[in-house]
Structures are given as structure tokens and as C-alpha cells.
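>>> sharing a model prediction with you, sequence too.
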Amino acid sequence: MADSIKLLVAFLLVSAGVAGFYFLHDSATVLRLISVLLGVFLAAAVVYTSVPGKRLFVFGQDSIAEAKRVVWPTRKETMQTTGVVILFAIVMALFLWAVDASLMMLVNALMGRGE
């Protein structure tokens, strides 16, 4: 129950930040932005104290660690793969154009509309 209340408070803090943004419509844009950021920052602090918030934080850390283990392709591999994709797209476009043109000629012949 306490976690639900914390999440509700966090939602209200974000809502207050957004409301402050619109309430300060005559103020400088910086103040309006600070209002939203303050609401989000305070909400994040409240969410962090809850069990779901801690799990989310651990998930974020695990995601960062996993992203660091990714083996990215070299520039040469990227260029080769991109070339294959572009070539395939061109070949497929030409094939579909040929199929479309031949079907159009067939339909025109069947309907007696010779060209």
C-alpha cells in the first residue's frame, strides 16, 4: 500500500510541474522549464524510494551493462550491409515494376484495350 501511495505522490508531483508550466505562462520560458523539471526530479526521487522504483533502477543499470557488451559492426561491415540492402531494394523495385507492367498489359489485352 505504501508503494501505491508513493507512486500516486510521484504522479501528483509530475502533474504539479506540468500545471506550473501552464500557470507560469507569462513568465520566462526558463522558469516554466524549471517547473516541469523540478516536478519530474522530485517525482523520480519519490519513485526511487519505492520497491518498483528500485527494481526499475536496477533494470536500468542492467540495461546499461548489457549495452556495453554489444559488439558493434565495423565501418566496413556497416557499409557492406547497407550496400546489400540498397541493392536488394532496387532489385525488388524493378521486379515489382515488371510484374505490375505485365499484369497491366495482360488486363488491357483481356479487356480489349490494346495499345
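Cool, got the structure.

>>> contacts for stretch 51-70, please.
If you take Cβ atoms under 8 Å, 6 or more residues apart in numbering as the criterion, stretch 51-70 is touched by 3, 6, 7, 46, 47, 48. From N, CA and C alone the C-beta is placed, and that goes for glycine too.

>>> so where do the helices sit in this protein?
Along the chain, the segments classed as helices by DSSP state H run 2-23, 29-48, 51-68, 75-110.

>>> can I get those in TSV with mean neighbour count and mean pLDDT?
Output for these, formatted as TSV (neighbours: other Cβ atoms under 10 Å; pLDDT from 0 to 100):
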stretch	mean neighbour count	mean pLDDT
helix 2-23	15	92
helix 29-48	16	93
helix 51-68	11	93
helix 75-110	10	97
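
>>> which of the contacts of stretch 51-70 lies closest to residue 111?
residue 7 (65.4 Å; Cβ to Cβ).

>>> and the closest one, how far is that from residue 56?
11 Å (Cβ to Cβ, to the nearest Å).

>>> now do the shared contacts for these two.
Counting by Cβ under 8 Å, 6+ apart, the residues touching both residue 7 and residue 56 are residue 47.

>>> can you list the domains in the chain?
2-68, 73-115 (automatic domain parsing).

>>> tell me the pLDDT at residue 25?
Reading off the confidence values, residue 25 has pLDDT 87.

>>> look up phi and psi at it.
For residue 25, the backbone dihedrals (degrees, to the nearest 10) come out as phi -60, psi -20.

>>> ok, and the closest non-adjacent residue to it?
residue 32 (7.5 Å; Cβ to Cβ, 6 or more residues apart in numbering).

>>> list the contacts of the one you found.
Residues near residue 32 by Cβ under 8 Å, 6+ apart: 20, 21, 24, 25.

>>> got those residues as JSON lines, with distance to residue 42 columns?
Listed next are the contacts of residue 32 as JSON lines, based on distance: Cβ to Cβ, whole Å:
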{"residue": "20", "distance to residue 42": "12"}
{"residue": "21", "distance to residue 42": "14"}
{"residue": "24", "distance to residue 42": "17"}
{"residue": "25", "distance to residue 42": "22"}
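
>>> re earlier: how close does the residue nearest to residue 25 get to residue 46?
Residue 32 is 22 Å from residue 46, by Cβ to Cβ.
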